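*Asks:* this one's structure only:
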C-alpha cells in the first residue's frame, strides 16, 4: 500500500497556504522542567478544528469539471463544517449528509457555510451519501481514508518541524487515523529522532488494540460511542493503519475524568477552549508521564467545538 | 512631547522576536458580511496577555550594568507576570511589589517565573516600589507610561498591518493607554486610511471623558474599580494621552453585561478564553455597530487571565 510522503505533505502545504491559519506553537511555562511543552492549537482554525486542512487539500486537488459537479461528505461533526467551508472557498457546491439526530447548532453552522444539508436516519447516511455522489456525479470527500486528506492533516507536522526542529515527542489524538497518520508522516521524515505517540480514550481504545494485534480489530460503535470525546469514535482504515504501524512510536489511552480535567487545564492555563477530543493529548502528558519519553513535547490540540454547557460543567467542577 | 514612531516600533519588533508569540489573525466566519472580522489573540502569549511585549522590549533596552542590578515593578495583574517572565528570559533579577490582597494564584504565578514578590498594603505599593529602586539601584518598569513599553505593545499593530494591509477598523481596549497608544501609532503609520477606535467599560470611561474634554480628567479609583474588567481600571498618563489625542479616531464604551456576553461568544464561537478586559472589543463590535465604521475589522483580544469561577459563570448564564 502506498503511503503519503513528505513531498505530498509539502505540496499540500503549498496548496492550502492562506486558506488555513498557520497556528503558532504556544509555550507552556507551567509545564514540567524536563518536559518543556508547546501546544499546537488547531482549535483556532476558522471552523474550530484541524479538519479544514485535509478538506482544503482535497478540494484543491479537484479538476475544474469535478468542482462544477460538487462534493459530498457525510459527517455530524467537524468534517462536515470543514468540507462546507473549504467548498465555499473554491465556489464548489457541497452536499453534506448528516444524521437527523445531529444537534441543530452543527446543522446551522454547516448551512451557514453555504452547504446543502441532507438529513437522514443515522443508519442510512453512508448510503445516502453514495446515492448523492452517483446522482450528481459529485466527488466524495472522506473524513480520513484518503491520501489527500492525510497529506493535508500532515501539514500540522510540517509546521511543528519548522517551528521546533529539535522536538522530542509529539502527542496526537487517534480516531480514524487521518490526523495521526499525517502528523507522524511529516514528523518522522523531518525529525527522525522525535517520537510520535498517539492518544485515545480508554473507552474507544480500538486503535491501540489493532496496533498491538498487528491487524485491524473491530470495536462495535456502541462501545466506541461511550467516550465523551465525540471526535474520537471512528476506527482506523486499512490505509491509516498502514501509516500508523510503520510511523507511530506508540499509543496510550486516557480516562474520561482525565480528559475532562485536561479541558479545564487548557482553559485556565493556556486560555484555550477545547472539545474533549482536543484535550486527550494533554491528558496523556499529565497522567501518563511514565509511559512517555521525556523531553521537548508538542501536543496537537485538535479542536475546540464543544457544547457551552459541557464547557461550563468542566470548569465548574 | 515626543511620541513613539513607527521606527521605534519596528526596532521593538526586532528586539522581542522569538520571545513572544507572533499571534495569528483569526478569521471569524460568523461575523457580519459587511464587517468581516479577525481577532488578534494576545491571550495566547505565554503569560496570557499582551503585556509581555512591552516588558520584553523594556528589558531588552537595558544596559548590562542595569541588568545586573535588576528591575522592579508594581502590579497585581498581568504586568507583574510580564515583567517577571521577561526578566527571567534575560537572567535579570526582578522584584515585584504586589498589594497584600492580591489573589494567591497571581502571587504564585509571578513567583513561578522566578521573581521576588514583595507584599505590601495596597496604598503603599508605589512607595515600596520606589524604595526598592533606590535601595537596589534597580530600574522601574512601568506598566504603560514609558516609550519602550508603548513601542513594545505597538508591535501588535505592526503585525496587524503586515497580515491585513487593507484593514479598515481596529478596535483596541483602553486603560492606561500603553496598548492603545502603541497600536494606534503603528496602524495609523502603516494603514493611514484605517480607523483605530478605543473601547472602555462605561464604568471606567475616564479616557473617553479625557479625550472629549481635551485634557486629562481624573476619576477616583472607587469609580473605576466598579467594572468587572480588572485590566481596564488605570488612567491615561500625559504620555499616553498625547498619543491618543492625535492618533485615535474615537472611543466607545460598553456595559458590564455586554462584556460578559462577549466573553461567552469568544469562548463558544472563537474558542478563546478571555478575561473581561480582553472581551471589550468584541462587545463594541456586537453592540456599538452604529457608532463604528463598517468594513474589515480587527479586534485586539488583549488577555485571557480570568478566574475559573467567573468563566464558568459567564458560560453557564
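*Replies:* Looks like it arrived, so ask away. Since the structure is predicted, the reported quantities are computational estimates derived from the model, not experimental observations.

*Asks:* For residue A:6, which non-adjacent residue is closest in space?
*Replies:* residue A:189 (3.9 Å; Cβ to Cβ, 6 or more residues apart in numbering or on different chains). Yep, even glycine has a C-beta here, placed from its N, CA and C like the rest.

*Asks:* What strand or helix carries residue A:34?
*Replies:* Taking DSSP states H and E as the definition, one finds residue A:34 inside no helix or strand.

*Asks:* How about residue A:313?
*Replies:* Element membership of residue A:313 [criterion: DSSP H and E] is helix A:308-316.

*Asks:* contact partners of that helix?
*Replies:* Residues outside helix A:308-316 that contact it (Cβ atoms under 8 Å, 6 or more residues apart in numbering or on different chains): A:228, A:260, A:263-264, A:267-268, A:273, A:276, B:264, B:267-268, B:308-309, B:311-312, B:315-316.

*Asks:* For PyMOL, what selects the buried ones among those residues?
*Replies:* Selection of buried members from the contacts of helix A:308-316 for PyMOL, criterion 16 or more other Cβ atoms under 10 Å in any protein chain shown:
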select buried, (chain A and resi 228+260+263+264+267+268+273+276) or (chain B and resi 264+267+268+308+311+312+315)
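
*Asks:* about what we covered before: close enough to count as contact, the residue nearest to residue A:6 and residue A:8?
*Replies:* No. With contact defined as Cβ atoms under 8 Å, residue A:189 does not reach residue A:8; the gap is 10.4 Å.

*Asks:* Distance-wise, check the residue of chain A most remote from its centre relative to chain B.
*Replies:* Distance from the centre of chain A peaks at residue A:135, with 29.4 Å (Cα atoms, centre = their mean). Distance, residue A:135 to chain B, by Cβ to the nearest Cβ, to the nearest Å: 29 Å.

*Asks:* do the same with residue A:263
*Replies:* Going from residue A:263 to chain B by Cβ to the nearest Cβ gives 11 Å.

*Asks:* show me the contacts for that residue.
*Replies:* Residues near residue A:263 by Cβ under 8 Å, 6+ apart: A:274, A:276, A:279, A:306, A:311, A:314.

*Asks:* what about the residue nearest to residue A:6, neighbour count?
*Replies:* With neighbours defined by other Cβ atoms under 10 Å in any protein chain shown, the count for residue A:189 comes to 19.

*Asks:* a helix runs through it, doesn't it?
*Replies:* Yes. Residue A:189: assigned to a helix according to DSSP: H, G, I helix; E, B strand; the rest coil.

*Asks:* Now residue A:299: which helix or strand?
*Replies:* With DSSP H and E as the criterion, residue A:299 is inside strand A:297-301.

*Asks:* can you tell me if that strand touches chain B.
*Replies:* No. For a cut-off given as Cβ under 8 Å from any Cβ of the partner chain, strand A:297-301 has no contacts with chain B; the smallest distance is 9.6 Å.

*Asks:* Please name the strands paired to that strand in the sheet, noting orientation.
*Replies:* When pairing is defined by DSSP bridges, strand A:297-301 lines up against strand A:37-41 (parallel), strand A:169-173 (parallel).

*Asks:* what about the strands in the stretch 201-317 of chain A?
*Replies:* A:250-254, A:297-301 (DSSP state E, counting those that start in this stretch).

*Asks:* With mean neighbour count added, can I get those in TSV?
*Replies:* Output for these, formatted as TSV (neighbours: other Cβ atoms under 10 Å in any protein chain shown):
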stretch	mean neighbour count
strand A:250-254	22
strand A:297-301	29
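
*Asks:* now those strands in TSV, with mean pLDDT and distance to residue A:208?
*Replies:* Shown next, in TSV, are the strands of the stretch 201-317 of chain A (pLDDT from 0 to 100; distance: least, Cβ to Cβ, whole Å):
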stretch	mean pLDDT	distance to residue A:208
strand A:250-254	98	5
strand A:297-301	98	17
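
*Asks:* Including distance to residue A:77, could those go into CSV?
*Replies:* Output for the strands of the stretch 201-317 of chain A, formatted as CSV (distance: least, Cβ to Cβ, whole Å):
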stretch, distance to residue A:77
strand A:250-254, 20
strand A:297-301, 16
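
*Asks:* helix, strand or coil for the nearest residue to residue A:237 once chain neighbours are set aside?
*Replies:* Using Cβ to Cβ, 6+ apart and skipping the chain neighbours, the partner closest in space to residue A:237 is residue A:145 (4.1 Å). At residue A:145 the chain is in coil, as set by three-state DSSP.

*Asks:* And residue A:119, by the same measure?
*Replies:* Quick answer, by three-state DSSP: residue A:119 is strand.

*Asks:* pLDDT at the closest residue to it other than its chain neighbours, what is it?
*Replies:* Sequence neighbours aside, residue A:100 is the residue nearest to residue A:119 in space, at 4.4 Å (criterion: Cβ to Cβ, 6+ apart). At residue A:100, the predicted lDDT confidence score is 88.

*Asks:* so residue A:197 sits in a helix?
*Replies:* No. Counting by three-state DSSP, residue A:197 is not part of a helix but strand.

*Asks:* and the stretch 51-200 of chain A, which residues reach chain B?
*Replies:* Within the stretch 51-200 of chain A, the positions near chain B by Cβ under 8 Å from any Cβ are A:85, A:112-113.

*Asks:* Tell me the most packed of those, by neighbour count.
*Replies:* Comparing those by number of neighbours (other Cβ under 10 Å), residue A:85 comes first, having 28 neighbours.

*Asks:* can you tell me the helix or strand for that residue?
*Replies:* Per DSSP H and E: helix A:78-90 holds residue A:85.

*Asks:* Please pull up the helix or strand immediately following that helix.
*Replies:* Next along from helix A:78-90, by DSSP H and E: strand A:94-99.

*Asks:* Run through who's touching the helix or strand that comes right after that next one.
*Replies:* Using DSSP H and E, the helix or strand that follows strand A:94-99 in sequence is helix A:104-112. Identification of contacts with helix A:104-112 by Cβ under 8 Å, 6+ apart yields A:47, A:76-77, A:80-81, A:84, A:96, A:98, A:117, A:119, A:305, B:29-30.

*Asks:* Narrow the residues you listed to those that are buried.
*Replies:* Among these, the ones that count as buried by 16+ other Cβ under 10 Å are A:47, A:76-77, A:80-81, A:84, A:96, A:98, A:117, A:305, B:29.
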